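1. got a structure for you, letters missing:
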């Protein structure tokens, strides 16, 4: 609705209905009668069938009003009411209000030209059988207890930013700072297994996110027949769990070691590591030069993080669990570019992630089996402790490089089954620390080539104004220090409900490489 040329607005009302019904049927056959075929009919026994059904109904009503005042002050107000069958009866419906205001101040003070200079430098298969004593019975397949009280999560966010345009819109920049607090975050709280369930959904957490988002776009060449543009983006997010309803930590991933812990980022890995100076407790008893002493005494004067090496030349396990992995990136960025020449256009996107760690359980399992490439050259072991050959020195020559302390420092030791199966096999009886790897990467996310056909025959022959033909490839190349298939991995899958499933690799499928050919008809 237009009041006058300087004041106008809009009103939107709507509703959304959604119904989801998923049913899963399955069974397991055991002991093949013959080596093939691999079918249930070729098995001696079959487990009781699995029959699970999940039904969710939801409805939403929403309304939004916007106001444009003098083409510089923009106001928005909205309200939404959501109802879901997943909420309990007392919190079946929830209201979500929203308001925003933006002022394009350059229209009030008049457009001005700014110049800037750089001062100083610049830096750019196992299963549960539901039988007891050979007698079949009914079991509760799900370990999750239905929630009796559940209400929607709520978030409050403060955001401030500025947009800039330079050189008659040949370049633009945007800087945004935000701080968001989410309360009543739904997590699976642990239960006493004696009641028949292990977990129950609850509004258990309060989580804070704050960070920066920066973008810069420049169009150095803009001609009628050709052009070139470049876009840079950088973002940094800091996540912290503020409270967990009295719990010290709550397991949130497909591996119970991945947790939400007060004061830590979401999804950190609570696991096992080796004794390190300044990281492990100083009171831990260890062997010193003159007998039993404490780690703090051995570490006196040593740099933080120095690994303690026992008398046998091997590192010693820290008896305390601690945070050994954080999957969250230090920062993320991207570089986008596109070049246009008449009807042709070629574009590309480079994706960058710095920092973050991955727990490579795939490698740990293959170490244990002795089938990882690392185990091709290994010590010969006649027992768990009697091995010879393939000598390594911890802290040197690419073998856990870094400072070391302790009576066994600089001692060469054999590395074979004694290490790969009984120490470094992190998914089984091993220690997590050898499986922690750098999760940063640079990925060629996409390259595409397109051509537009808009000759007069297109309109005369098929009634469309133009045809766009496009060929593109995604996930074409990855540069990373990660030794697994792909550092961009998620054990829970793309639709996992687990908050902390990123950063855990256990025989995951890698990202797919896709090639797409498309034809778009424009009317």
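-> All right, it came through fine. Everything numeric in this text was worked out from a predicted model, so none of it was measured.
2. so where's the stretch 401-523 of the chain uncertain?
-> 492-501 (pLDDT under 70).
3. what are the ranges of the helices in it?
-> 417-420, 456-462 (DSSP state H, counting those that start in this stretch).
4. turn those into JSON lines, including distance to residue 505 and mean neighbour count.
-> From N, CA and C alone the C-beta is placed, and that goes for glycine too. Shown next, in JSON lines, are those (distance: least, CB to CB, whole Å; neighbours: other CB atoms under 10 Å):
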{"stretch": "helix 417-420", "distance to residue 505": "18", "mean neighbour count": "22"}
{"stretch": "helix 456-462", "distance to residue 505": "49", "mean neighbour count": "10"}
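5. so which of those helices gets nearest residue 172?
-> Counting by CB to CB, residue 172 lies closest to helix 456-462 out of the helices of the stretch 401-523 of the chain; the figure is 33.6 Å.
6. beta partners of residue 234?
-> residue 214, residue 333 (DSSP bridges).
7. ok, now residue 103?
-> The bridge-partner assignment for residue 103, based on DSSP bridges, gives residue 73.
8. equivalent analysis for residue 444, please.
-> Under the criterion used (DSSP bridges), residue 444 bridges to residue 350, residue 477.
9. so who does it touch?
-> 348, 349, 350, 351, 475, 476, 477, 478 (CB atoms under 8 Å, 6 or more residues apart in numbering).
10. just give the nearest non-adjacent residue to the last one, would you?
-> Computed as CB to CB, 6 or more residues apart in numbering, the closest residue to residue 478 that is not its neighbour in sequence is residue 443, at 4.8 Å.
11. from what I see, the one you found and residue 488 are in contact.
-> Yes - Residue 443 is within contact range of residue 488, at 6.9 Å (criterion: CB atoms under 8 Å).
12. what is in contact with these two at once?
-> Common neighbours of residue 443 and residue 488 (CB under 8 Å, 6+ apart) are residue 478.
13. tally of neighbours for residue 23?
-> 9 (other CB atoms under 10 Å).
14. list the contacts of residue 263.
-> Contact analysis of residue 263 by CB under 8 Å, 6+ apart lists 240, 241.
15. also residue 107?
-> If you count contacts by CB under 8 Å, 6+ apart, residue 107 has them with 70, 71, 72.
16. helix or strand for it, which one?
-> If you go by DSSP states H and E, residue 107 is part of helix 106-109.
17. for the longest helix seen in the chain, buried residues please.
-> Identified as the longest helix of the chain according to DSSP state H is helix 361-369. Residues 361, 362, 363, 364, 365, 366, 367, 368 are the ones in helix 361-369 that count as buried (16 or more other CB atoms under 10 Å).
18. next one: stretch 63-75
-> residue 73.
19. can you list contacts of it?
-> Here stretch 63-75 makes contact (CB under 8 Å, 6+ apart) with 6-14, 76-80, 98-105, 107-108.
20. show me what contacts residue 331?
-> So residue 331 contacts 234, 235, 236, 354, 355 (CB under 8 Å, 6+ apart).
21. element containing the third one, please.
-> By that I understand residue 236. Using DSSP H and E, residue 236 sits within strand 226-243.
22. let me know the average pLDDT across that strand.
-> If you average the pLDDT over strand 226-243, you get 96.
23. just stretch 369-385 next, same as before
-> Mean pLDDT, computed over stretch 369-385, is 93.
24. hang on, the earlier thing: need the contact list for the residue nearest to residue 478.
-> Counting by CB under 8 Å, 6+ apart, residue 443 touches 350, 351, 352, 475, 477, 478, 479, 488.
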